[in-house]
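Asker: Model the following, please.
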Amino acid sequence: MLIATFNANSVRARLPIILDWLGANAPDVLCVQETKVQDADFPVDAFRDIGYHAVFRGQKSYNGVAVISRSVPDDVTYGLDDGGPPDEPRLICAVCGGVPIVNTYVPQGVAPDSPKFAYKVEWFARLKAFFARRYSPDKPLVWAGDLNVAREPIDVYNPDVLENHVCFHADVRKALNDVVEWGFVDVFRERCPEPGHYTFWDYRDRNALERKIGWRLDYIFATKPLAEKCASARIDIEPRLRERPSDHTFVIADFNV
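Answerer: Numbers count the residues shown, from 1 in each chain. A predicted model of the protein is given here:
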């Protein structure tokens, strides 16, 4: 089972890239973040035309998540459902081919002294409670998405300079790792332990990809029973080289299920 994740930074603007990539790679599931489109305007027909089903939750211009699947997604739910503050369209769950999948777009955080940064840290705590409430680390589960955190120094191009950045700050790294410790394996890092692997290159840094000014912000995690069946994992840089690309690219994991 081939599972991928991609922050599109507008699913409609990046639709040609996504459709080409699906045609070339034929994943069973693609998790998409930052769709930036109201549900009524989601390009569901374009995916249906190439043999994919789509479930989604979005809003105009910001956020938004979707699961694109070859099989009809089952048990689709949205949001953290814990009675806390609204989490915006940032989380979607679906069972695809018998595998439960949680796709998340974690808040960015703006600045360490911003209320949005505290919201980001809290969001991870709420997410951990969500996993504990609904799932078990002893059963197959995939968690994928743009988490807006680089977990380790090797996941950013310059950890000393970026130490207090909202996506590499010690508080958010701890918050993310607290969720991972619930029972997840970082399947890409298990197979590619060396530095220099990134999934995001900021538009504002000229020629960032060529200069290797990158971050690893996009992940596929799996609980141990599923992680043990992961045959391979990789980052596909080619879509980031296309005309009008997203600032992120695709992460892919292949599971023998």
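
Asker: End to end on stretch 188-204, go ahead and measure it.
Answerer: 27 Å (Cα to Cα, to the nearest Å).

Asker: same deal with stretch 37-48?
Answerer: Span of stretch 37-48 from end to end, Cα to Cα: 18 Å.

Asker: Next, the buried residues of it.
Answerer: If you call a residue buried by 16 or more other Cβ atoms under 10 Å, then stretch 37-48 has these buried ones: Val37, Phe42, Pro43, Val44, Ala46, Phe47. Where C-beta positions appear, they are placed from N, C-alpha and C, glycine not excepted.

Asker: Over to stretch 107-114?
Answerer: Under 16+ other Cβ under 10 Å, the buried positions of stretch 107-114 are Pro107, Gln108, Gly109.

Asker: out of the buried residues of stretch 37-48, who's nearest Arg204?
Answerer: Set against Arg204, the nearest of those by Cβ to Cβ is Val37 (23.8 Å).

Asker: Do you know the pLDDT at the closest one?
Answerer: Looking at Val37, its pLDDT stands at 98.

Asker: any idea how far the residue nearest to it when sequence neighbours are not counted is from His248?
Answerer: Closest residue in space to Val37, ignoring its immediate chain neighbours: Gly58 at 5.0 Å, by Cβ to Cβ, 6 or more residues apart in numbering. Note on Gly58: its distance to His248, by Cβ to Cβ, to the nearest Å, is 17 Å.

Asker: One more: Ala4?
Answerer: Ala4 sits 12 Å away from His248, going by Cβ to Cβ.

Asker: Name the residues contacting each of those two.
Answerer: Counting by Cβ atoms under 8 Å, 6 or more residues apart in numbering, Ala4 and His248 have no shared contacts at all.
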